[in-house]
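Novice: Please work out how this folds:
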Amino acid sequence: MVSSRSMMGLTLLLTTSAAGVVQPDSCEGDCKGARGQVLLQTGSVGHRFSAHGSGDKLQGAQRLASMSLSEGSSLVEGFVKEVLTSGEPLTGIQKEIIERLNETFVTETLPELQKRHDSDQQLLNEHAAGIAHCDQDLEDTSQSVAILNSEQSSLESAHTECVAQEGSLQGKQKTVQDELTAYLMAIQPPSSMMPEQRAPTPDMDNYIAQNLEFFESLNSSYASLKAQKSTVEAEVGTKTAECAEGRLVFDAKFCLWKTEVENAKSNYLHCRTQAGTLYQETSKTVQSNAEGRRADRDALVKVQCYLAMLLDGSTTQEKLKACNENEADIFSPLDIVEPQLPDLNQQLLDGLGAPGSQVQCTPTTTTATSTTSLVPAGILIGTQQECPSGTWTLPTQGRWKVNWGCCQGCPGGGGECLANCGCLCTSATSCAGLTRSNDCSTEVGCQWDWDEGICKNP
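Specialist: Residues are numbered from 1 along each chain as shown. Below is the predicted model of the structure:
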């Protein structure tokens with residue numbers, strides 16, 4: 001006769017399965033014990049095999065209620081052996097329990113295993129997409145970097161042309177100066193000997209006429225050459241100032257391009273490292289979870305084989321052996337498929353350009369006019385310097401100070417502007433008030449959170 005303890009175990013196994021309990025991928029502390037307490041009170045057939053009692057009996061029931069599918073497989077196998085030993089057919093209640101247990105495995109336990117698998121696969125795919133997102137961000141950034149590169153290249157060409165024009169004007173200036181000098185050196189004035197008789201005589205008339213003609217010609221030629229010299233000198237001065245301004249604009253644009261290239265490369269590599277680490281950690285976890293679910297599925301296949309044998313009433317040692325030797329599919333639907341990860345996009349990195357060091361891009365230094373802190377100590381660190389009242393100066397972080405129209409809306413206007421069109425002055429009173437990664441640094445007592453894209457207290 002089948003023992004009541006075996007039937008109680010099957011009943012609790014049915015109760016566990018009917019409650020939708022598939023062992024979670026991890027269980028710590030007293031969660032198994034707590035689950036057992038709940039399962040003892042669950043299931044419509046539970047009243048037929050009461051678990052009332054205390055001591056060893058109740059502890060045994062709690063252990064059965066929290067068993068894994070592998071433990072359940074052993075329990076069913078033991079029940080089958082008892083049936084084989086007793087040689088007695090199953091009772092109606094026993095068949096009902098086995099039928100419901102088999103149905104529950106098919107309609108609830110297997111789908112729950114598949115659901116957990118699908119959830120892990122989706123999470124792994126999302127983290128793989130996070131790596132691809134780094135590449136997409138770099139591609140988007142590369143477009144703005146390419147625009148800056150084109151702009152700085154155009155400014156460099158314009159400056160080179162300006163310098164060439166300046167050189168041409170300087171050559172013209174030298175030519176005019178040489179002509180004036182040669183003209184003055186070649187002057188041959190008429191005789192300076194005034195007639196001895198100082199009276200209105202023909203000699204005096206002739207002397208005055210000759211000198212008057214000479215000095216009228218001298219005055220006209222000298223004034224013309226001098227005017228040419230002054231004109232060329234003014235043109236040279238204007239062109240020199242134009243080239244100097246063009247050089248400043250080019251330097252600022254070049255340094256902005258260089259900064260953006262360095263930031264794009266740094267941000268991309270940082271993003272890839274973080275996303276790659278997260279993916280590897282997730283992959284390790286989900287593969288471990290999948291291994292546990294495959295073990296559960298193998299045990300479930302064996303249990304279903306046992307139950308089918310019991311239900312058809314032909315329980316034999318040969319069939320029991322066949323169930324024990326039954327192997328699950330080589331390619332399990334619970335296997336995690338590792339997605340294809342994109343390689344480091346070196347081509348896109350190289351396409352950003354290599355600015356080099358043709359321009360010395362050093363941070364702008366500002367002489368402090370005030371060292372009074374404008375923000376509470378411990379929240380932000382900053383001084384007013386040349387910023388308007390109620391604001392303070394941000395660290396330049398390698399960006400040039402410029403006077404551009406894009407900063408007209410900044411505190412202090414276009415004159416308090418950084419080369420990336422960022423405001424040099426801010427009224428922020430906490431790290432959260434700094435919205436750009438270049439502004440958020442340890443220099444002001446803050447730290448940029450790359451994951452959330454916000455500035456935080458370190």
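Novice: what about the longest helix in the protein?
Specialist: For the chain, the helix that runs over the most residues, judged by DSSP state H, is helix 202-311.
Novice: C361 - that's part of a helix, no?
Specialist: No: checked against DSSP: H, G, I helix; E, B strand; the rest coil, C361 lies outside a helix; its state is coil.
Novice: Kindly tell me how buried D205 is, as a neighbour count.
Specialist: 11 (other C-beta atoms under 10 Å). Where C-beta positions appear, they are placed from N, C-alpha and C, glycine not excepted.
Novice: again, but for E386
Specialist: The number of residues packed near E386 is 16, by other C-beta under 10 Å.
Novice: just G415 next, same as before
Specialist: Using other C-beta under 10 Å, G415 has 14 neighbouring residues.
Novice: That one contacts Q408, correct?
Specialist: No: contact criterion C-beta atoms under 8 Å: G415 and Q408 do not qualify, at 9.8 Å.
Novice: Helix, strand or coil: sort out the closest residue to T240 other than its chain neighbours for me.
Specialist: Excluding the flanking residues, the one nearest T240 by C-beta to C-beta, 6 or more residues apart in numbering is E166, at 5.9 Å. Using three-state DSSP, the secondary structure recorded for E166 is helix.
Novice: Distance of the closest residue in space to I336 that isn't next to it in sequence relative to E103?
Specialist: Spatial nearest neighbour of I336, chain neighbours left out: A290 (4.6 Å); criterion: C-beta to C-beta, 6+ apart. As judged by C-beta to C-beta, to the nearest Å, A290 and E103 stand 26 Å apart.
Novice: Could you check which of those two is surrounded by more residues?
Specialist: Just comparing A290 and E103: by other C-beta under 10 Å the higher neighbour count belongs to A290, 20 against 14.
Novice: That one contacts H117, correct?
Specialist: Yes: using C-beta under 8 Å, A290 is in contact with H117, at 6.6 Å.
Novice: Report the set of residues contacting both of the two.
Specialist: By C-beta atoms under 8 Å, 6 or more residues apart in numbering, A290 and H117 have these common neighbours: L334, I336.
Novice: Ignoring the adjacent residues along the chain, who's closest to S283?
Specialist: L124 (6.1 Å).
Novice: nope, Y306 is what I was after
Specialist: In space, Y306 is closest to V76, 4.6 Å off (C-beta to C-beta, 6+ apart).
Novice: Can you get me a residue count around the one you found?
Specialist: With other C-beta under 10 Å as criterion, V76 counts 25.
Novice: again with S314
Specialist: Per other C-beta under 10 Å, the neighbour tally for S314 reads 10.
Novice: any idea how far it is from A158?
Specialist: 95 Å.
Novice: now P339
Specialist: Taking C-beta to C-beta, one finds P339 at 49 Å from A158.
Novice: Equivalent analysis for N326, please.
Specialist: The spacing between N326 and A158, counted by C-beta to C-beta, is 81 Å.
Novice: Then L256?
Specialist: 16 Å.
Novice: So for these two, which sits in the more crowded spot?
Specialist: The residue with more neighbours, out of L256 and A158, is L256; 23 against 15, by other C-beta under 10 Å.
Novice: Which pLDDT value goes with that one?
Specialist: For L256, the model assigns a pLDDT of 91.
Novice: Touching, it and I147? I think so.
Specialist: No: using C-beta under 8 Å, L256 is not in contact with I147, being 10.9 Å away.
Novice: Which residues are in contact with the closest residue to N211 other than its chain neighbours?
Specialist: When the adjacent residues along the chain are set aside, N211 lies closest to P190, with 5.8 Å between them (C-beta to C-beta, 6+ apart). Contact analysis of P190 by C-beta under 8 Å, 6+ apart lists Q210, N211, F214.
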